[in-house]
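Engineer: got a sequence here, can you model it:
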Amino acid sequence: MTVEKDPPVADRILRSVTFLILFLAVFGSFFLRPEPKTDSAVLEDLSKTQSDLFFKFSVAGALNIDEAKTEEQKTVLKNAIVGQLQSIDSEPAFRTPEVQVQKRMVLAYLGEDISGYDEKSLGPYKEAFQNLYADRSLPAEGDAILSMPATELAVLDYLKRNDPERYAIEHKKAKEKAASLLTAINIGSIVFLFVITLGLYGAVRFFFNRPPAYFGRFLDTVKPAQQPVFMETAILFLFVMFPVGMILSRFLSEQWMFPFNFVLIPGAFLISLLYFKSETKPEMLRWLFWVPVFDQVSSENDTAPTQRPFLPSLLKEIGVGIVAWAVIFPVGALATLIAVTLAGGEAVPSVHPIVQYVDGHRLEVFLLAVVIAPIVEEVIFRNFVYGFFRFRFQGFLAALFSGFFFAVIHPYSAVLMPQLTVLGAGLAILREHRPGIVAPIVTHMIVNGLAFLFMQLLF
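Structural biologist: Coordinates of the predicted model:
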């Protein structure tokens, strides 16, 4: 029988020093790399989309007031809309001529006095706005003011005073459109409640019928001499991604940055996996990556894998990943709400640099953000980073530390750090109690997929 010997102390020290240097290079690159730049036009589009969504809801609410059965209900609905319109002045992103014009349009439709406004606040829309409310003329076709959602109310006000017959037709169309939007909101509310219920069910079931700690049990079989390999693999990945990637990107023009990252991420991932495989047994990499999803242990005390059918095992992991997202989502949303409140209650701009590539690279962005990134990040952060912390701490603390590590490397503002930490920690706990990496990958894909869908709607 061959007894494996631990590497000499000198070799272990040399390797530790080497990866310490690599880690310092990664850490230093966060300070040396240029601040992620997002095209100002992208930020303007984002701000405009946010204000347009706000006013679409305001317009729908204003048109829906007539559906109230009593005057008291109408007053309550009207006051709610007026209160929302008054509150937007505290948002820096909403202090634009477009917002000020639409705010006055909605207030005028609700019967509020809009005289005494500062004409300068209307910017280039002053003439068209004054023509509408002085009964001079409707905006000409192609006028920029017609692209604003609230202009629909201003046009209805104009037609009501000057062309009652046409007003009746346009008012009916506007109410039908508003009803469709409100129906969509109601459906969204039902879906949201379903997600919350599903998440509550998943959380209760987890706490009262906790699955075995598959990952922790596996880590107990790893020899102490091989434990540093987990963090070394993650450091190697980050070293290729950041210091090396930063240096190579300096030789590329802006148009090649996205294709470069499309190649860099899988390349760094492959290099890190090859290193891990060279330093451990081949079956260990298989265990971390895919085998455990289909070869699950048969009991809590049995370490011998039992073959399970491929498709049922895969579908189960996908289902667990969906439920896990429903558990993590409300906790992350609450963490964001608390962070925004502590930041002063104002919206903090936080846009991932990838948004500037959405237009013209939709398929590539989808593949990178929704397919490649979840696979790569789950293997790196939930197998290797979490594994490293799990050797030293109990499950919850290890999940929290690895979640914070996960949050730090993402290019977002500090206000989203708690949400990303919750996401990273939640995925680590999921990895701990699942026999493979598929469920965390599915959860991560849902998170990124919804973010991609949101970007599609915005841009």
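Engineer: low-confidence stretches in the stretch 301-450 of the chain?
Structural biologist: For the stretch 301-450 of the chain, applying pLDDT under 70 flags the ranges 301-308, 344-360, 411.
Engineer: and the helices in it?
Structural biologist: 310-342, 362-366, 373-377, 386-392, 395-408, 417-432, 438-458 (DSSP state H, counting those that start in this stretch).
Engineer: buried ones in the fourth one?
Structural biologist: When you say that, I think you mean helix 386-392. For helix 386-392, burial by neighbour count (16 or more other Cβ atoms under 10 Å) applies to 386-391. C-betas here are computed from N, CA, C, even on glycine.
Engineer: kindly report the same for stretch 246-263.
Structural biologist: Residues 249, 258, 261-262 are the ones in stretch 246-263 that count as buried (16+ other Cβ under 10 Å).
Engineer: and the least confident of those residues?
Structural biologist: Comparing pLDDT over those, the lowest score belongs to Phe258 (79).
Engineer: does it really touch His361, like I thought?
Structural biologist: Yes: counting by Cβ atoms under 8 Å, His361 is a contact partner of Phe258 at 5.9 Å.
Engineer: including distance to Arg210, could the helices of the stretch 301-450 of the chain go into TSV?
Structural biologist: Formatted as TSV, these follow (distance: least, Cβ to Cβ, whole Å):
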stretch	distance to Arg210
helix 310-342	13
helix 362-366	35
helix 373-377	25
helix 386-392	16
helix 395-408	10
helix 417-432	10
helix 438-458	15
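Engineer: which of those sits most buried?
Structural biologist: When the helices of the stretch 301-450 of the chain are scored by mean count of other Cβ atoms under 10 Å, the highest mean neighbour count falls to helix 417-432 (a mean of 24).
Engineer: mind saving the C-alpha coords of that helix as CSV?
Structural biologist: Provided in CSV are the C-alpha atoms of helix 417-432 (Å, rounded to 0.1, in the frame of the first residue of the first chain):
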residue,chain,number,x,y,z
MET,A,417,-23.0,45.3,-0.8
PRO,A,418,-25.5,43.9,1.8
GLN,A,419,-27.7,42.4,-1.0
LEU,A,420,-24.7,40.7,-2.7
THR,A,421,-23.4,39.4,0.7
VAL,A,422,-26.9,37.9,1.4
LEU,A,423,-26.9,36.4,-2.1
GLY,A,424,-23.4,35.0,-1.7
ALA,A,425,-24.1,33.6,1.8
GLY,A,426,-27.4,32.1,0.7
LEU,A,427,-25.8,30.3,-2.2
ALA,A,428,-23.0,29.0,0.0
ILE,A,429,-25.6,27.6,2.5
LEU,A,430,-27.4,26.0,-0.5
ARG,A,431,-24.1,24.5,-1.7
GLU,A,432,-23.5,23.1,1.8
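Engineer: ok, back up a step: so which of the helices of the stretch 301-450 of the chain comes closest to Pro149?
Structural biologist: Pro149 lies closest, by Cβ to Cβ, to one member of those: helix 438-458, at 14.6 Å.
Engineer: which one of the helices of the stretch 301-450 of the chain lies closest to Tyr158?
Structural biologist: Closest approach to Tyr158 among the helices of the stretch 301-450 of the chain is made by helix 438-458 (30.3 Å; Cβ to Cβ).
Engineer: let's see the pLDDT reported for Asp118.
Structural biologist: At Asp118, pLDDT is 74.
Engineer: where do the domain boundaries of the chain fall?
Structural biologist: 40-191, 212-458 (automatic domain parsing).
Engineer: centre of the chain to the longest one, how far?
Structural biologist: Shown here is domain 212-458, whose average C-alpha point lies 14 Å from the average C-alpha point of the whole chain (Cα atoms, centre = their mean, to the nearest Å).
Engineer: re the thing from before, would you convert the domains of the chain into CSV that also reports distance to Leu20?
Structural biologist: CSV is the format used below for these (distance: least, Cβ to Cβ, whole Å):
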stretch, distance to Leu20
domain 40-191, 38
domain 212-458, 9
